[in-house]
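> model this:
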Amino acid sequence: MNPALFISDLHLSPARAGVAERFLRFAAEEARSASTLFILGDLFDRWLGDDAAGDAFNRRLLDALRALAGAGVAVRLMHGNRDFLFSEGAARDAGLELIADPTAQDLFGVRTLLMHGDLLCTDDLRYQRYRARVRRPGVIRAFLSLPRAVRQAIGGGLRRVSESEKQAKAPIIMDVNAGAVEETLRRYGYPRLIHGHTHRPGKHVHVVDGRACERWVLADWYERGSYLRCDERGCAAIALD
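Residues are numbered from 1 along each chain as shown. From the prediction side, this is the model:
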């Protein structure tokens with residue numbers, strides 16, 4: 001059976017054209033060998049409504065994913081903190097399947113839990129309050145009813161505030177909380193956990209109630225693209241050239 005591939009935190013935008021081109025090549029080359037491509041959040045650096053799907057830059061990306069799905073690769077997309085307004089309709093138009101955060105499934109005989117990862121960063125109380133507030137259905141409806149230019153202005157302002165706050169926060173606050181990870185592993189039956197968000201790629205092993213659980217953290221695509229490849233032999237991180 002073909003492997004499953006995992007990526008997250010690409011933060012694709014016109015300002016990072018080289019990364020976008022490498023993603024297009026990934027979708028046309030490496031990803032074609034997969035049974036499933038899982039995108040665990042923040043494919044886009046910013047998604048402020050589905051009217052963005054008509055932009056030339058976004059259209060190229062979505063067309064590439066549609067072509068990948070048309071070639072027989074199941075493409076499953078999870079919302080991140082930057083692109084949670086990407087709708088079911090937009091996903092269908094691009095040949096994608098939206099999946100919930102978290103999603104548990106059997107992966108080559110191993111129970112595996114998929115997350116974006118921000119829900120595990122429970123020490124960042126300010127962010128968790130913000131996350132809960134902006135994802136309320138009423139808030140989303142009100143925001144999407146605004147003219148696009150207004151949404152872009154608001155989004156840009158929130159981005160600047162977020163970047164400023166990151167500079168003031170201790171790095172450990174923006175990483176996962178070990179207790180939250182262990183409680184999540186316990187709640188879902190001691191699975192293997194795969195997530196992104198923290199931009200701290202690597203493999204960790206958590207011993208919870210005497211059971212060893214792998215936790216794989218996906219890399220961002222700021223410096224160099226990479227993906228996680230999982231099959232019946234296990235998982236391995238692979239850097240792109």
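> Next one: residue 9 from residue 118, what distance?
11 Å (C-beta to C-beta, to the nearest Å). Every residue, glycine included, has its C-beta placed from N, CA and C.
> and residue 4, what is it in contact with?
Contact partners of residue 4, counting by C-beta atoms under 8 Å, 6 or more residues apart in numbering, are 34-38, 107-108, 229-231.
> List just the nearest of the residues you listed to residue 81.
Ranked by distance to residue 81 (C-beta to C-beta), the contacts of residue 4 are led by residue 38 at 17.1 Å.
> Need the contact partners of stretch 29-36.
Contacts of stretch 29-36 (C-beta under 8 Å, 6+ apart): 1-5, 37, 68, 71, 73-76, 227, 240.
> residue boundaries of the strands in this protein?
4-7, 36-40, 74-78, 97-99, 103-107, 110-115, 192-195, 202-208, 211-217, 226-231, 234-239 (DSSP state E).
> Same list (the ones you listed) but as TSV, adding mean pLDDT.
Listed next are these as TSV, based on pLDDT from 0 to 100:
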stretch	mean pLDDT
strand 4-7	98
strand 36-40	98
strand 74-78	98
strand 97-99	98
strand 103-107	96
strand 110-115	98
strand 192-195	98
strand 202-208	98
strand 211-217	98
strand 226-231	98
strand 234-239	97
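> Would you reformat those strands as JSON lines and include distance to residue 144?
Listed next are the strands of the chain as JSON lines, based on distance: least, C-beta to C-beta, whole Å:
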{"stretch": "strand 4-7", "distance to residue 144": "27"}
{"stretch": "strand 36-40", "distance to residue 144": "22"}
{"stretch": "strand 74-78", "distance to residue 144": "19"}
{"stretch": "strand 97-99", "distance to residue 144": "16"}
{"stretch": "strand 103-107", "distance to residue 144": "24"}
{"stretch": "strand 110-115", "distance to residue 144": "25"}
{"stretch": "strand 192-195", "distance to residue 144": "27"}
{"stretch": "strand 202-208", "distance to residue 144": "37"}
{"stretch": "strand 211-217", "distance to residue 144": "32"}
{"stretch": "strand 226-231", "distance to residue 144": "31"}
{"stretch": "strand 234-239", "distance to residue 144": "36"}
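> Any stretches of the chain with poor pLDDT?
164, 168 (pLDDT under 70).
> follow-up on the earlier one: quickly list what's touching both of residue 9 and residue 118.
41, 80, 197.
> residues contacting the residue nearest the centre of the chain?
Compute the mean C-alpha point of the chain, and by C-alpha atoms, centre = their mean the closest residue is residue 41, 1.6 Å away. Residue 41 makes contacts with 8-9, 78-83, 101, 116-118, 196-197, as judged by C-beta under 8 Å, 6+ apart.
> count of neighbours near the closest residue to it other than its chain neighbours?
Nearest in space to residue 41, with sequence neighbours left out and distances taken as C-beta to C-beta, 6 or more residues apart in numbering, is residue 80 at 2.6 Å. Residue 80: 26 surrounding residues under other C-beta atoms under 10 Å.
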